[in-house]
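[1] fold the following and give me the result.
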Amino acid sequence: GGVTTGGMSRGVPVTLVVRAADKYGCPLRAGGDAVTATLKARVDISAAVVDKGDGTYEVSFTPTQPGPALLQVTINGAAVGAAPEDGLLPRCPSAALATPA
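    Below is the predicted model of the structure:
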């Protein structure tokens with residue numbers, strides 16, 4: 001699994017944001033997860049990951065070769081994009097209900 005990137009230019013930095021979710025697909029609102037990212041191309045590149053503390057993680061890398069590649073991201077050892085274990089997606093609480101007053 002992973003995300004296929006479009007054509008990239010060698011030496012041009014790329015930054016994107018990954019949002020962590022629970023096993024039901026509901027977005028997490030806090031950081032602290034173990035996130036890794038690797039750009040799989042002719043030469044694999046480990047990406048830098050910054051925990052933003054709000055359930056999002058900034059992933060940055062600089063391609064060494066032009067063209068498409070596969071970005072593999074894991075959160076707590078699970079590949080990003082994996083379906084929930086039971087395949088069911090319950091409704092997530094609204095932001096208003098999930099945010100403490």
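[2] V59 against Q72, yeah?
    No. Applying C-beta atoms under 8 Å as the test, V59 and Q72 come out as separate, 10.7 Å apart. Placement of C-beta: from N, CA and C, glycine included.
[3] which neighbours do these two share?
    Shared contacts of V59 and Q72, defined by C-beta atoms under 8 Å, 6 or more residues apart in numbering, are found at A37.
[4] so the two - more neighbours on which side?
    Neighbour count, other C-beta atoms under 10 Å: between V59 and Q72, V59 has more, with 21 against 17.
[5] which elements pack onto the helix or strand hosting the more buried one?
    Per DSSP states H and E, V59 falls inside strand 56-61. Packing partners of strand 56-61 (3 or more C-beta pairs under 8 Å, 6 or more residues apart in numbering; DSSP states H and E): strand 14-19, strand 35-40, strand 48-51, strand 67-75.
[6] need these in CSV with distance to G25 and mean pLDDT, can you?
    Output for those, formatted as CSV (distance: least, C-beta to C-beta, whole Å; pLDDT from 0 to 100):
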stretch, distance to G25, mean pLDDT
strand 14-19, 11, 87
strand 35-40, 17, 90
strand 48-51, 20, 96
strand 67-75, 12, 85
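[7] could the ones you listed go into CSV alongside distance to P27?
    Output for the helices and strands packed on strand 56-61, formatted as CSV (distance: least, C-beta to C-beta, whole Å):
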stretch, distance to P27
strand 14-19, 5
strand 35-40, 14
strand 48-51, 15
strand 67-75, 12
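[8] ok, which of the ones you listed comes nearest L28?
    strand 14-19 (7.7 Å; C-beta to C-beta).
[9] can you give me the angle the closest one makes with strand 67-75?
    30 degrees (axes from the mean of the first three to the mean of the last three C-alpha atoms, to 10 degrees).
[10] in strand 14-19, which residues are buried?
    Within strand 14-19, the residues scored as buried using 16 or more other C-beta atoms under 10 Å are 14, 18.
[11] now do stretch 40-51
    By neighbour count with 16+ other C-beta under 10 Å, stretch 40-51 contains the buried residues 41, 45, 47, 49, 51.
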